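# coordinates only, no sequence provided:
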């Protein structure tokens, strides 16, 4: 097996056609088909169902396709890295995020990363949780911070924390007369504003499933593209909105934590499976350090820590809080 065979196979898997793949790779079709056949013989499995139109991958073919993409992307990373070192150029890492993570730890994390690794450029990409998976697999991004749980064998995911959800209310709402916790059923008859409108599935579907699971009847569901638009409509007394606790940024609204153990939203770190790039370990190490600094958005009332990385971070945080501090040392916050 060699890289040429992997590239031929990926071209066929992508185009779903031997002729187009041959044109894409600037090779005649017979030798391309022969290389795919040799690859299958070496593996001892059929990768492509040739009797279907368009061509389809077998289950083994799909798994091999995902792994081939990772190998080819890693090879390109190696080539780029070598060229950068040879030319004394800067390295770069592409990090995708969903907008709501900007209200939690992401800005602080990026600041810490840039300070620790000043010779590495950070490219931030606003991308939905679903699109992050496909962009990771294609190699267009290196790390993703999202909120939707997905299953993909080629992507590794770590739930950094479970963030409680809160209801954002206009001060004029009868539900805004107290800051106590609120039951979801108290939203019956309300006009609920959800985000994002697309792509789906998304955080909006997670919120709606919480409502539907309790058979709560709303007067209307209004979809908007982004969090800021949703909160703007709440401030305009156009409805109420369920948001992650860290997004309680507007001071002209009332926020009530939802009294339901399921009413949480995960912060998920994703990267390609078996990707041993240095920046992944670096990001995880910085997350532990960041949690240990006890930032204000990480209050225990609205956060839970299910993963081993999160628990390590939480332990570091508790240890940091227990240490005696010099009165002249200023605590870093985000």
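Great, that's in hand. It should be emphasised that the depicted structure is a prediction, and the values quoted were computed from it without experimental measurement. Numbers count the residues shown, from 1 in each chain.

# next, the buried residues of the longest helix along the chain.
For the chain, the helix reaching the highest residue count under DSSP state H is reported as helix 59-86. Buried residues in helix 59-86, defined by neighbour count with 16 or more other CB atoms under 10 Å: 61, 64, 65, 66, 68, 69, 70, 73, 74. Placement of C-beta: from N, CA and C, glycine included.

# possible to save the residues you listed as JSON lines with distance to residue 291 and pLDDT?
Formatted as JSON lines, the entries for the buried residues of helix 59-86 read as follows, by distance: CB to CB, whole Å; pLDDT from 0 to 100:
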{"residue": "61", "distance to residue 291": "41", "pLDDT": "91"}
{"residue": "64", "distance to residue 291": "38", "pLDDT": "91"}
{"residue": "65", "distance to residue 291": "37", "pLDDT": "90"}
{"residue": "66", "distance to residue 291": "32", "pLDDT": "85"}
{"residue": "68", "distance to residue 291": "37", "pLDDT": "89"}
{"residue": "69", "distance to residue 291": "33", "pLDDT": "86"}
{"residue": "70", "distance to residue 291": "29", "pLDDT": "79"}
{"residue": "73", "distance to residue 291": "30", "pLDDT": "78"}
{"residue": "74", "distance to residue 291": "30", "pLDDT": "76"}
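
# hmm, which two among the residues you listed are most spread apart?
When the buried residues of helix 59-86 are compared pair by pair using CB to CB, the farthest-apart members prove to be 61 and 74, with a separation of 20.1 Å.

# any idea which residue is closest to the centre of the chain?
If you average the C-alpha coordinates of the chain and look for the closest C-alpha using CA atoms, centre = their mean, you land on residue 146, 2.5 Å from that point.

# across the sheet, point out what pairs with it.
Under DSSP bridges, the beta-bridge partners of residue 146 are residue 268.

# residue 38 against residue 5, yeah?
Yes. Under the contact definition of CB atoms under 8 Å, residue 38 touches residue 5, with a separation of 7.1 Å.

# three-state assignment of residue 141?
The three-state assignment at residue 141 reads coil, by DSSP: H, G, I helix; E, B strand; the rest coil.

# doesn't residue 133 make contact with it?
No. Residue 141 is not in contact with residue 133 according to CB under 8 Å; the separation is 9.9 Å.

# can you list the residue ranges for strands in this structure?
For the chain, the strands identified by DSSP state E occupy 48-49, 56-57, 91-97, 120-126, 143-146, 155-169, 191-194, 220-223, 240-244, 254-257, 264-272, 303-304, in order along the chain.
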